[in-house]
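K.L.:
Sequence first, predicted coordinates after that:
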Amino acid sequence: MPELLFYSFFFFFIFFQFPSSSFTLSDTYFFNCGSTTSLSVDNRTFAADSNSHILSDTSSILLKDPNPPLDSRLDLYKTARVFTRPTSYEFDLQGNGTFVIRFHFYPFSSQGYNLFSAVFNVSVSGFQLLSNFSAQKSSRIHIKEYFLTAGSNKLKISFTPSTQSPSPSFAFVNAIEVFSAPDDLIADKASYVNSSQDYIGLLEQALESVYRINVGGSKITPSNDTVWRTWVPDEEYLFLAQAAKKANPTTQINYENTGVSRYIAPESVYGTAREVNTISNSMPMKFNITWQFPVNSSEKHLVRLHFCDIVSTSSTNQLIFNVYIGSSLAESSLDLSKIRYKSLASPYYEDYMVEPDKAGYINISVEPKEAGKNAILNGVEIMKVYPLRGVVSESNSKKKDRILLIGLSIGGSLALVSVMSVVCLLALKCKKRKEEATTAESTMWSPLPVYGESTYSKTPERTTASPGPHINLGLIMTFAEIQSATNNFDTNMLIGSGGFGDVYKGVLRDGTKVAVKRGKPGCGQGRHEFLAELNVLSKIHHRHLVFLIGYCVEQSEMILVSEFMENGTLKDHLYGKDLSCLSWKQRLQICIGSARGIHYLHTFSAQGIIHRDVKSANILLDENYSAKVADFGLSRAVPSPEHSVVSSAIKGSFGYFDPEYFKRFHLTQKSDVYSFGVVLIEVLCARPVIDLSLPREQVNLAEWALQWQKKGLLMQIIDPRLAGTIHPDSLRKFGETVERCLAEYGVDRPTMGDVLWNLEYALQLQETAMTREPHEDSSVNASEPPLPEFRRLPSSGVKYWERLSGHNE
Ligand code: ADP
């Protein structure tokens with residue numbers, strides 16, 4: 001049945017004609033990967049890819065997102081296909097021109113596969129398009145778009161798990177698009193900006209779209225583009241916003257007899273533009289407009305500029321201008337009225353082959369030729385040019401294979417030398433570390449190279465473990481991007497302020513709401529915390545830990561960009577602010593969510609991580625009041641749950657300190673358990689953990705509450721707003737859990753796994769109001785097999801042990 005569906009869609013598309021066009025879309029393959037059903041998106045049908053004959057290996061895995069995006073436009077991202085070994089999709093092709101290929105990646109965690117951690121390569125018909133790709137970048141959705149010729153009547157797309165990642169990796173994809181491009185979309189030649197000669201041979205190369213900008217216009221989504229491209233506005237890339245203004249938009253674009261089709265760019269691109277802002281008195285008479293695009297400085301790029309005169313009138317030609325790319329004059333005295341056709345609003349574009357400047361920028365400027373004239377730009381596309389086909393072994397050209405072999409052998413030798421050097425360095429480092437661990441002090445995290453220097457510094461703390469940094473460079477964001485997201489750190493966007501610096505609300509270009517934490521300049525300790533937080537956040541992914549979207553270390557900035565938590569801190573919902581009262585069930589769910597997050601941290605990798613600052617102000621609530629633990633600035637790695645770290649610098653927050661840590665400087669995961677016990681009691685009583693205005697015995701909430709718990713009278717001190725709503729059994733279970741968390745010695749405290757288990761049970765008792773079972777008592781331990789009754793209690797339908805492990809979420 002799926003095969004039948006697949007073919008019917010295939011033939012439907014083969015004969016599908018675009019309206020008002022001579023272009024016939026052919027060789028069309030749209031796949032909803034990892035799904036068994038087809039899906040209609042933007043007037044196309046994405047067929048299930050479970051068709052065995054297109055996949056070289058049928059052992060790949062179908063994965064469903066347990067928390068799929070709610071927006072129906074993102075339905076393609078509900079499933080993914082996972083490849084644990086090299087696997088290819090292979091299609092027959094009718095045409096031999098250029099193909100458009102798009103891959104959609106949307107990471108999630110399911111069935112033990114954390115797609116955020118996948119690292120893999122993707123090659124298509126001999127081009128290595130993605131090398132050690134990871135979907136951990138600034139935005140959740142990654143769409144990679146390429147243009148290439150297949151070189152044969154088959155198209156082979158191969159996914160290969162990386163062998164370079166620290167642990168065995170896997171590959172994944174959520175959707176694939178393949179279709180023949182309109183003939184004129186990519187030409188074989190482009191102009192060199194600093195030479196009168198043309199670059200020939202583009203069709204031999206693969207191109208990857210890096211920027212596609214609708215200058216002066218708004219975002220164009222795939223459903224509004226002739227070949228389902230996305231065009232984004234240019235504001236973020238404008239160098240001096242005051243120098244330009246938007247031209248009056250028009251939809252009356254005259255494509256006829258111009259040689260430019262709508263596939264090159266739709267009306268919505270040619271019909272909007274930016275022109276020189278001559279209105280501003282503060283600006284000189286003759287100046288230019290510049291857009292700046294960060295790119296990889298070592299790669300060649302194809303730059304396509306789109307022009308269309310939507311500012312002149314029939315009587316006056318306003319436009320005569322120069323176009324610069326970098327410092328080179330790409331067009332001198334460009335007069336659109338003199339190009340091939342003389343009517344207004346006729347589209348025109350030009351392709352240039354460009355090498356970025358050393359700093360890694362492509363700057364594009366338009367400048368009126370003389371005072372009184374205007375300059376305009378309607379659209380920009382920047383595409384990375386891939387080296388010749390043959391980087392992967394599917395090439396059919398023997399000559400290219402030979403070049404490849406020579407290249408590979410040189411590369412291989414270099415790689416071998418590099419690997420050996422790294423091994424030697426690591427061995428030396430390990431030796432040094434061991435010595436340091438036994439004799440003196442070592443730092444908690446290895447150095448992260450920022451600002452070109454090592455940040456390795458010795459602190460007065462020591463530990464027996466020091467995990468290496470795996471900070472994902474793909475998460476780097478530009479300062480300009482962050483400035484634009486926060487409206488240049490507008491004080492109206494300020495949402496909080498912490499020890500490290502200010503926190504702003506921001507909105508990224510794709511509409512994602514973010515929290516931007518900007519370190520105070522010149523704060524040495526802040527820098528240490530920044531690196532610690534970055535190190536932890538870039539490694540961990542869990543739905544109850546705040547998700548890192550990106551970071552910026554440009555100039556002297558230290559900025560962390562994480563997902564925005566709509567409902568702020570748990571603390572604010574308990575007291576101090578006049579927010580609506582959380583019910584007992586909501587509070588339990590928040591505690592369970594936070595416990596899951598901390599449990600995940602404690603059991604993360606062989607080492608585990610201690611948060612060290614667990615408190616209600618560091619538990620954030622999203623729009624559904626689901627809890628996420630935040631603020632990892634003080635977190636530390638430990639060798640294992642049994643080990644402790646000697647820390648002479650007491651860090652954390654008053655009222656939450658583990659007394660053992662306070663007295664003996666011994667930091668263990670049980671210190672977090674103590675602090676979490678304080679959070680639990682705070683949640684029940686809804687008052688500050690230290691309140692100096694109260695009588696002496698009440699000042700410290702944990703101590704005071706423990707006395708009531710021991711007397712069996714905890715009910716007396718609960719948040720009065722909860723009176724009569726907590727089932728006594730639920731409260732009893734909760735009180736027992738708190739008491740165990742607050743035990744004086746760490747060994748007597750439960751693990752976070754136990755705490756989680758007990759809180760789940762307290763919730764069940766609240767929900768089902770079940771009576772106390774004779775065997776149920778507070779000594780039940782999560783390391784023992786669960787009792788049969790408990791197994792069927794939790795509601796989610798997932799096995800108890802799976803839920804407890806937390807890793808799979
Ligand atoms: P501190 O250093 O005091 O622990 P932070 O610097 O982490 O605090 O955060 C300060 C305040 O900013 C928080 O109390 C919270 O109100 C807000 N905040 C921090 N992160 C986020 C986020 N991801 N979403 C929404 N608000 C946040």
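P.N.:
Structure's in. What do you need? Note that this is a predicted model, so its numbers are computed, not measured.
K.L.:
contacts and neighbour counts: CA atoms only from here.
P.N.:
Will do.
K.L.:
What is the helix or strand containing residue 482 packed up against?
P.N.:
Under the criterion of DSSP states H and E, residue 482 resides in helix 479-485. Applying 3 or more C-alpha pairs under 8 Å, 6 or more residues apart in numbering; DSSP states H and E, one finds that helix 479-485 makes contact with strand 501-507.
K.L.:
Strand partners (parallel or antiparallel) of the strand it packs on?
P.N.:
Sheet pairing for strand 501-507, assigned by DSSP bridges, gives strand 494-497 (antiparallel), strand 513-519 (antiparallel).
K.L.:
same question for stretch 511-523, mean pLDDT?
P.N.:
Stretch 511-523 shows a mean pLDDT of 83.
K.L.:
residues making contact with that stretch?
P.N.:
With C-alpha atoms under 8 Å, 6 or more residues apart in numbering as the test, stretch 511-523 has contacts from 139, 482, 486, 500-508, 526-527, 530, 549, 556-565.
K.L.:
do the same with stretch 143-159
P.N.:
Identification of contacts with stretch 143-159 by C-alpha under 8 Å, 6+ apart yields 83, 86-105, 120-125, 171-172, 186, 203-209.
K.L.:
and the gap between residue 192 and the ligand?
P.N.:
46 Å (C-alpha to the nearest ligand atom, to the nearest Å).
K.L.:
Show me the beta-bridge partners of that residue.
P.N.:
residue 353.
K.L.:
and it, how many neighbours?
P.N.:
Number of residues near residue 192 (other C-alpha atoms under 10 Å) recorded here: 19.
K.L.:
Wait, it touches residue 331, no?
P.N.:
No - applying C-alpha atoms under 8 Å, one finds residue 192 not in contact with residue 331, separated by 10.9 Å.
K.L.:
With only the CA atoms kept, save the helix holding residue 482 in CSV.
P.N.:
Output in CSV follows, covering the C-alpha atoms of helix 479-485 (Å, rounded to 0.1, in the frame of the first residue of the first chain):
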residue,chain,number,x,y,z
PHE,A,479,26.4,39.9,18.2
ALA,A,480,24.4,41.6,15.5
GLU,A,481,21.9,38.7,15.5
ILE,A,482,21.5,39.1,19.3
GLN,A,483,21.3,42.9,19.1
SER,A,484,18.6,42.6,16.5
ALA,A,485,16.7,40.0,18.6
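K.L.:
tell me the mean pLDDT for that helix?
P.N.:
Mean predicted lDDT for helix 479-485 stands at 93.
K.L.:
same thing with stretch 99-112?
P.N.:
Averaging pLDDT along stretch 99-112 yields 94.
K.L.:
hmm, who's touching that stretch?
P.N.:
The contact list for stretch 99-112, computed with C-alpha under 8 Å, 6+ apart, reads 63-66, 77, 114-116, 135-136, 140-150, 172-181, 807-809.
K.L.:
Tell me which of those residues fall in strands.
P.N.:
Residues of the contacts of stretch 99-112 located in strands (DSSP state E): 63-64, 114, 142-149, 172-173, 175-180.
K.L.:
so what pLDDT did residue 675 get?
P.N.:
What the model reports as pLDDT for residue 675 is 96.
K.L.:
and it, what element?
P.N.:
helix 669-685.
K.L.:
was I right about residue 161 contacting residue 86?
P.N.:
Yes - shown here, residue 161 and residue 86 form a contact pair, counting by C-alpha under 8 Å, at 6.5 Å.
K.L.:
neighbour count winner among the two?
P.N.:
Taking neighbours as other C-alpha under 10 Å, residue 161 and residue 86 compare with residue 161 leading, 25 against 18.
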